[in-house]
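Chemist: here is the input, now give the coordinates:
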Amino acid sequence: MLKIAVIVENSSWYGRRILDGVAAYARREQQWSLVWCNPRGQSFERIIGGCQGVIARIISEELADKLRQTDLPTVDVFCAHDNDDRFYGVDSDHNMIGRMAAEYFMSKRYSTMAFAGFKGVPFSEMRLRGFSDIMQGAGLVPLVHEAEMKNNNQTFFNDEVVDVVDSRKLAVWFRRLPRHTAIFAANDLMAAQISRLAGESAIRIPSDILLLGVDNDSQLCAFADIPISSIDPCAYEVGYSAARMLAAVMHRKPADKSHRIYRVRPGELVERASTLWHDISPEWFADALGFIDASLDRSLTTADIVAHVGLSHVAIGKMFRKKLGMSLQKYICKLKMETARKLLDADPSLRVKEVSLRLGFSSLAYFCNVYRQFWGQAPRD
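Modeler: Reported below is the predicted structural model:
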């Protein structure tokens with residue numbers, strides 16, 4: 001039986017999902033005994049004794065030094081020490097997360113976009129880089145606020161929801177943003193702090209600003225005054241992949257350390273009320289598009305849109321053709337088919353039937369027929 005030290009916090013949603021992934025691999029392996037230690041804890045020496053390997057969120061130089069001294073094979077799931085070839089690493093693909101955010105905002109016709117992140121924190125800087133790359137490709141520049149962390153990285157591992165940066169400085173930047181700005185927050189903690197600022201400032205989410213976070217933390221996102229949309233960074237897969245990498249290192253010590261960092265593709269962008277808006281006029285039309293975004297899980301009709309916005313089907317139909325160049329029903333079909341493809345691409349284990357049900361199709365055969373007509377091929381089996 002191999003004893004594996006797992007030094008990952010259980011106070012954050014991201015940390016708990018990593019732990020779930022490590023535990024799932026250990027159950028499959030059946031030869032691992034897991035020993036847990038908090039990254040901020042004082043029991044390092046006691047926990048590490050007798051271990052054959054380590055999976056850790058290396059959040060400080062102090063912890064990195066302690067692990068170097070052990071000479072144990074170590075996989076870092078924080079990856080703030082990318083240049084240290086002493087450690088292997090598995091982390092979310094933060095650059096891809098940033099690119100997803102920018103592409104999502106652009107799909108909603110936003111040209112004014114902002115990023116709120118953390119100065120000197122690797123995952124935040126990589127997310128900003130991906131976000132900026134997509135914007136610059138479209139001739140746009142993000143409005144950026146990179147704040148100093150309170151208590152360095154330790155704030156990420158608190159057991160309670162707190163302001164992660166100085167609220168006064170963040171508020172000054174936030175209140176100067178133009179109306180109809182789409183804000184990408186580096187994580188859900190930052191998004192929650194911005195959400196609280198919006199409430200204090202009488203700034204409406206999502207009609208005045210869009211707000212998108214990362215982590216898909218159910219506590220932070222679902223219980224905000226306006227539920228927050230968020231990108232799933234696949235922390236479970238980070239944990240599982242870290243365990244798999246550690247097993248490989250312990251068994252055969254890979255010689256090629258140029259591939260010692262593995263990046264996990266992000267999962268889906270989970271839409272909630274904070275992004276159910278489009279930067280388009282008139283306001284009732286933006287509201288209608290937001291209503292459609294929120295109702296993709298059912299069979300939408302023109303009558304549903306008429307009831308929501310209070311205008312005639314003729315007026316609504318004319319506005320869709322004028323603004324989008326297609327009928328209302330064609331727009332709904334396009335949105336559902338694009339969403340279906342994203343879901344299937346993001347999760348190879350997702351069944352086609354489950355996707356069809358999530359998008360309001362009562363018949364799998366009808367869904368497959370519509371998908372084939374739209375994309376020119378059948379959804380995968």
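
Chemist: low pLDDT regions in this protein?
Modeler: Low-confidence segments of the chain, defined by pLDDT under 70, are located at 41-42, 82, 150-162, 253-259, 381.

Chemist: which residues does residue 103 contact?
Modeler: residue 134 (Cβ atoms under 8 Å, 6 or more residues apart in numbering). (Each C-beta comes from the backbone N, C-alpha and C, glycine too.)

Chemist: can you confirm it is in a strand?
Modeler: No - with the criterion set as DSSP: H, G, I helix; E, B strand; the rest coil, the secondary structure at residue 103 is helix rather than a strand.

Chemist: what bridges to the residue nearest the centre of the chain?
Modeler: Taking Cα atoms, centre = their mean, the centroid of the chain lies closest to residue 231, which sits 2.1 Å from it. Residue 231 has these beta-bridge partners by DSSP bridges: residue 214, residue 269.

Chemist: and it, how close does it get to residue 273?
Modeler: 16 Å (Cβ to Cβ, to the nearest Å).

Chemist: wait, doesn't the residue nearest to the centre of the chain sit right on residue 97?
Modeler: Yes - under the criterion of Cβ atoms under 8 Å, residue 231 is in contact with residue 97, at a separation of 5.4 Å.

Chemist: which residues are common contacts for these two?
Modeler: Taking Cβ under 8 Å, 6+ apart as the contact criterion, the common neighbours of residue 231 and residue 97 are 214, 266.

Chemist: ok, how many other residues are close to residue 279?
Modeler: The burial metric for residue 279, expressed as a neighbour count using other Cβ atoms under 10 Å, is 19.

Chemist: ignore the last one, residue 271
Modeler: Close neighbours of residue 271, defined as other Cβ under 10 Å, add up to 18.

Chemist: just residue 332 next, same as before
Modeler: Here the count is done by other Cβ under 10 Å, and residue 332 has 22 residues near it.

Chemist: can you give me the strands in the stretch 201-350 of the chain?
Modeler: Counting by DSSP state E, counting those that start in this stretch, one finds strands in the stretch 201-350 of the chain at the ranges 209-214, 229-231, 261-264, 269-270.

Chemist: what does the first one contact?
Modeler: If I follow you right, that is strand 209-214. Contacts of strand 209-214 from elsewhere in the structure, counted by Cβ under 8 Å, 6+ apart, are 97, 101, 104-105, 108, 110, 127, 177, 179-188, 190-192, 194-195, 198, 203, 205, 220-221, 226, 228-231, 233, 269, 274-275, 277.
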